[in-house]
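Undergrad: coords below, sequence missing:
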Ligand code: F6R
């Protein structure tokens, strides 16, 4: 999603540092980019549609701000890309978030000339209005920022100084030997410095040769306190792989084994679950399926009821949260607004928060009372693979650990890692299946029990990457409507693990087969009803994990065969920091 990077330095390399900073955050997803810096006494703005090139010639300057845009208001055009300027081009501004009241604010700016269709440009003109009254850049920006509704971060420069304001959307400031840098992602600052300030909501920062920070309302000056973080910059290179998605699929056995190695860290969270009066699992997208799996796992293995809600729906069912509640928020990025909002609400009600998160230093990592790292390493492809299977493994560990069976969980997770390695060796079978399915319009996926979240994940991966319509259902729902969609040749994937769902799933397979479906069976044993069978060994409750890997590979091959880029699916971003 949108990314911000800025630098002010006594050296003259700010534009090129900003360019490399943007390269570091580009994996989060964007459709256009831009950089601003002072040149010959005025501000120069470069904007481009598409992805950042490997290199770009930029002049010397001591100040620069840059942005990667993921379109929300206004199409993907050069004009809509950031930085935006005021009427006279005296200030340049980059913005993350959505100004929910931008239309209301825009109508008051009758005498201003707007170039773009964005909500962001309105902020630049509002700041211009305040500056015209003789206010400083900091006072103007902080005054305007207080008028914006929504979760926003802005960074604005007049070519001499940089002012940043934050509410909801992340911003981190780094202290350099010869100046300051700031970014929406701490990892992007780590090549330059480990001295960081994570800005709090409603704080304002002014960067010049010095740093000045202002409190909540931007009125009172506060002492900027840089923290030394022991983190190292994480990078990921493609090496021998054609895409990050495939590389990350291959990294899964290693990730799972390292989770097992560090599984003692789960004990603390399992104690919290035991003590809590109500545990709620919250996440969105693929991550939410790991939470849904958690509900089944806790019931089946810990005989414990845990609640689950997708993050964006939690707002409407959170009235029963109390200080005794425990909220476990699960997120790869730790920045999904739909997951963070429930956390903020539950925190306000004094509930305890566990953050199961992959990105060190992310917002969820910092605001959780008990952050627990997924240890999947940097995930660059937009669609989650290794972080997701790490989430499923963590759910297994948690459910088993609550009843003192951590070792059993470790064993089946290790077995699932071995089974993934076996699947990777047999990936050509999945490639052949993709060949057969690539021109199809609809794919349906059925699973029951622990395989229900797997069916949902399979459908999401296929549709978001290959753009083939796919839907996942609980097997039991088939006769309640879905079966109407089955006709001769419709592909239906059925997950048939060796558990209590097996015979009901085989019946589902027969029912769709009787209507002409092309039945794709996944599980430890073949069956005459399957038209295509892919063997996945029985690894108990961990069978979900290799099943998901089958789905990842199928989605990957469908996508590449159709000529799409699996790392950068259309319209999607890696971290969804807007509501
Ligand atoms: C799908 C996918 C998304 C994410 C979702 C949550 O492949 O990756 O559905 O799972 O956007 O993101 P995080 O885990 O960063 O909160």
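TA: Perfect, thanks for sending it. Since the structure is predicted, the reported quantities are computational estimates derived from the model, not experimental observations.
Undergrad: for the ligand, see how far away the closest residue to residue 539 other than its chain neighbours is.
TA: Closest residue in space to residue 539, ignoring its immediate chain neighbours: residue 415 at 4.1 Å, by C-beta to C-beta, 6 or more residues apart in numbering. Backbone N, C-alpha and C define where each C-beta goes, glycine included. Per C-beta to the nearest ligand atom, to the nearest Å, residue 415 is found 25 Å from the ligand.
Undergrad: per-residue pLDDT, residue 415?
TA: Turning to residue 415, the model gives it a pLDDT of 98.
Undergrad: what's in contact with whatever helix or strand it lives in?
TA: Using DSSP states H and E, residue 415 maps to helix 406-425. The contact list for helix 406-425 (C-beta atoms under 8 Å, 6 or more residues apart in numbering) reads 249-250, 252-254, 256-257, 259-260, 263, 266-267, 389, 393, 396-397, 399-401, 430, 536-537, 539-543, 545-546, 549-550, 553.
Undergrad: what does the domain assignment say about this structure?
TA: Following automatic domain parsing, the chain resolves into domains at 3-228, 244-561.
Undergrad: which ones are touching the nearest residue to residue 356 once chain neighbours are set aside?
TA: Computed as C-beta to C-beta, 6+ apart, the closest residue to residue 356 that is not its neighbour in sequence is residue 330, at 4.4 Å. The contact partners of residue 330, by C-beta under 8 Å, 6+ apart, come to 281-283, 287-288, 290-291, 339, 356-357, 391, 394.
Undergrad: count of neighbours near the residue lying closest to residue 323 once chain neighbours are set aside?
TA: Closest residue to residue 323 apart from its sequence neighbours, by C-beta to C-beta, 6+ apart: residue 350 at 3.9 Å. Residue 350 sits with 11 neighbouring residues when counted by other C-beta atoms under 10 Å.
Undergrad: give me the three-state assignment for residue 350.
TA: Under DSSP: H, G, I helix; E, B strand; the rest coil, residue 350 falls in the coil class.
Undergrad: just checking, it touches residue 324?
TA: No: in this structure, residue 350 is not within contact of residue 324 by C-beta atoms under 8 Å, at 9.0 Å.
Undergrad: shaky segments in the stretch 451-579 of the chain?
TA: Residue ranges of the stretch 451-579 of the chain with pLDDT under 70: 578.
Undergrad: the ligand contacts on that one?
TA: 460, 464, 575-576 (C-beta under 6 Å from any ligand atom).
Undergrad: returning to what we had before: buried sites along the helix holding residue 415?
TA: Buried residues in helix 406-425, defined by neighbour count with 16 or more other C-beta atoms under 10 Å: 406, 408-417, 419-420, 423-424.
Undergrad: and the residues you listed, which is closest to residue 171?
TA: Of all the buried residues of helix 406-425, residue 413 has the smallest distance to residue 171: 37.0 Å, by C-beta to C-beta.
Undergrad: tell me the span between the first and last residue of stretch 59-74.
TA: For stretch 59-74, the separation between the terminal residues is 30 Å (C-alpha to C-alpha, to the nearest Å).
Undergrad: what's the average pLDDT for that stretch?
TA: Throughout stretch 59-74, pLDDT has a mean value of 93.
Undergrad: spit out the contact partners of residue 17.
TA: 7, 9, 64, 181, 192.
Undergrad: among those residues, which pair sits farthest apart?
TA: Farthest pair in the contacts of residue 17, by C-beta to C-beta: 64 and 192, 13.3 Å.
Undergrad: ok so, going back, can you tell me which of the buried residues of helix 406-425 is nearest residue 566?
TA: Residue 566 has its nearest neighbour among the buried residues of helix 406-425 in residue 424, at 16.1 Å by C-beta to C-beta.
Undergrad: in the protein, what residue is nearest the ligand?
TA: Closest residue of the chain to the ligand, C-beta to the nearest ligand atom: residue 285 (2.0 Å).
Undergrad: remind me which residues of the stretch 101-250 of the chain are low pLDDT?
TA: In the stretch 101-250 of the chain, residues with pLDDT under 70: 216-218.
Undergrad: can you give me the strands in it?
TA: In the stretch 101-250 of the chain, the segments counted as strands under DSSP state E, counting those that start in this stretch are 152-157, 162-167, 172-176, 179-183, 195-198, 203-207, 211-214, 221-222, 227-228.
Undergrad: what angle sits between the third one and strand 179-183?
TA: Here the directions of strand 172-176 and strand 179-183 differ by 160 degrees (axes from the mean of the first three to the mean of the last three C-alpha atoms, to 10 degrees).
Undergrad: the first one now?
TA: Between strand 152-157 and strand 179-183, the angle formed by their directions is 150 degrees, by the same axes, to 10 degrees.
Undergrad: check the offset of strand 152-157 from the chain's centre.
TA: Here strand 152-157 is found 22 Å from its chain centre; the criterion is C-alpha atoms, centre = their mean, to the nearest Å.
Undergrad: now do the fifth one
TA: Here the centre of mass of C-alpha atoms in strand 195-198, compared against the chain's by C-alpha atoms, centre = their mean, lies 22 Å away.
Undergrad: try stretch 371-382
TA: Computed by C-alpha atoms, centre = their mean, the chain-centroid distance of stretch 371-382 equals 10 Å.
Undergrad: buried ones in that stretch?
TA: Residues of stretch 371-382 classed as buried: 371-382 (neighbour count, 16+ other C-beta under 10 Å).
Undergrad: is any residue of it near the ligand?
TA: No: residues of stretch 371-382 are not located near the ligand by C-beta under 6 Å from any ligand atom, the shortest gap being 6.7 Å.
Undergrad: residue 329 belongs to a strand?
TA: Yes: using three-state DSSP, the assignment for residue 329 is a strand.
Undergrad: picking that back up, neighbour count: residue 64 and residue 192, which is higher?
TA: Per other C-beta under 10 Å, whichever of residue 64 and residue 192 has more neighbours is residue 64, with 31 against 21.
Undergrad: what about that one, which SS state?
TA: Secondary structure assignment for residue 64 (three-state DSSP): strand.
Undergrad: with residue 574 instead?
TA: The three-state assignment at residue 574 reads coil, by three-state DSSP.
Undergrad: residue contacts, the residue nearest to it when sequence neighbours are not counted?
TA: In this structure, residue 574 finds its nearest non-sequential neighbour in residue 28, 4.2 Å apart by C-beta to C-beta, 6+ apart. With contact taken as C-beta under 8 Å, 6+ apart, residue 28 is in contact with 1, 3, 68, 185, 333, 573-575.
Undergrad: one more: residue 339?
TA: Going by C-beta under 8 Å, 6+ apart, residue 339 touches 282-284, 287, 311, 329-331, 364.
Undergrad: hang on, the earlier thing: and the residues of the stretch 451-579 of the chain next to the ligand as CSV, adding neighbour count?
TA: Converted to CSV, those look like this (neighbours: other C-beta atoms under 10 Å):
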residue, neighbour count
460, 22
464, 20
575, 26
576, 20
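Undergrad: and which of those is nearest residue 484?
TA: Nearest to residue 484 among these is residue 460, at 22.1 Å by C-beta to C-beta.
Undergrad: pull up the residues of the stretch 251-400 of the chain that are close to the ligand.
TA: Residues of the stretch 251-400 of the chain lying near the ligand (C-beta under 6 Å from any ligand atom): 284-287, 331-333, 336, 339, 383-384.
Undergrad: next up, phi/psi of the residue nearest to residue 574, please.
TA: Note on residue 28: backbone dihedrals following degrees, to the nearest 10 are phi -70, psi -10.
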